[in-house]
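Peer 1: I would like the atomic coordinates for the input below:
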Amino acid sequence: MNSINTVIVVVQVVSALAIIGLVLLQHGKGADMGAAFGSGASGSLFGATGSSNFLSKITGLAATIFFIATLGLAFLGNRPAAGTGGVMDKLPANSIPTPSVPVPGAPSAPAASAPAVNSPVPGSPAPAAPGQSGQIPK
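Peer 2: Next up is the predicted model:
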């Protein structure tokens, strides 16, 4: 898609430069007064009547190309890109690390697999003495 955009921009710039050049080459309505004093259409490249018709048709063609290129750029600019999204959107969901240190103030969920302190579990050491729950002193 990027190469199509570049080609359309180049066509638009070339047609804009052609319009500028062709408009500057054309004689205005006031050029007839200069023709009376000898600098008129006799020295024209296309003859007395051919220059305005030829240059105006080429200018109209360049203007049409310019407007078509402008519409093409507007159409391509409004279409959503297929691969939009940031780098973080491409990460798999399980690659985001979870914090191992509990956040202060956050409710902590009790561990479901941990046995109660005084419950006898086969193969575990004897329960602690009364008053000692196995906690670290503060």
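Peer 1: and residue 25, how many neighbours does it have?
Peer 2: When neighbours are defined as other C-beta atoms under 10 Å, residue 25 has 12 of them. Where you see a C-beta, it was placed from the backbone N, CA and C, and this is true even at glycine.
Peer 1: my guess is it meets residue 54, correct?
Peer 2: No. Between residue 25 and residue 54 there is no contact, the gap being 10.2 Å when judged by C-beta atoms under 8 Å.
Peer 1: run through the helices of this protein in chain order.
Peer 2: Remark: helices assigned in the chain by DSSP state H are 2-25, 31-34, 50-78.
Peer 1: so which of the ones you listed is nearest residue 101?
Peer 2: Closest to residue 101 of these is helix 2-25 (C-beta to C-beta; 45.7 Å).
Peer 1: mind saving the C-alpha coords of that closest one as PDB?
Peer 2: Only the C-alpha atoms of helix 2-25 are listed here, as PDB (Å, rounded to 0.1, in the frame of the first residue of the first chain):
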ATOM      1  CA  ASN A   2       2.900   2.400   0.700                       C
ATOM      2  CA  SER A   3       4.200   2.200  -2.900                       C
ATOM      3  CA  ILE A   4       0.700   3.000  -4.300                       C
ATOM      4  CA  ASN A   5       0.600   6.100  -2.000                       C
ATOM      5  CA  THR A   6       4.000   7.200  -3.200                       C
ATOM      6  CA  VAL A   7       3.100   6.800  -6.900                       C
ATOM      7  CA  ILE A   8      -0.100   8.800  -6.400                       C
ATOM      8  CA  VAL A   9       1.800  11.600  -4.600                       C
ATOM      9  CA  VAL A  10       4.400  11.800  -7.400                       C
ATOM     10  CA  VAL A  11       1.600  12.000 -10.000                       C
ATOM     11  CA  GLN A  12      -0.100  14.700  -8.000                       C
ATOM     12  CA  VAL A  13       3.100  16.800  -7.700                       C
ATOM     13  CA  VAL A  14       4.000  16.400 -11.400                       C
ATOM     14  CA  SER A  15       0.500  17.400 -12.400                       C
ATOM     15  CA  ALA A  16       0.600  20.400 -10.000                       C
ATOM     16  CA  LEU A  17       3.900  21.600 -11.600                       C
ATOM     17  CA  ALA A  18       2.400  21.100 -15.100                       C
ATOM     18  CA  ILE A  19      -0.600  23.200 -14.100                       C
ATOM     19  CA  ILE A  20       1.700  26.000 -12.800                       C
ATOM     20  CA  GLY A  21       3.800  26.000 -16.000                       C
ATOM     21  CA  LEU A  22       0.900  25.800 -18.400                       C
ATOM     22  CA  VAL A  23      -1.000  28.600 -16.700                       C
ATOM     23  CA  LEU A  24       2.100  30.800 -16.800                       C
ATOM     24  CA  LEU A  25       2.500  30.100 -20.500                       C
END
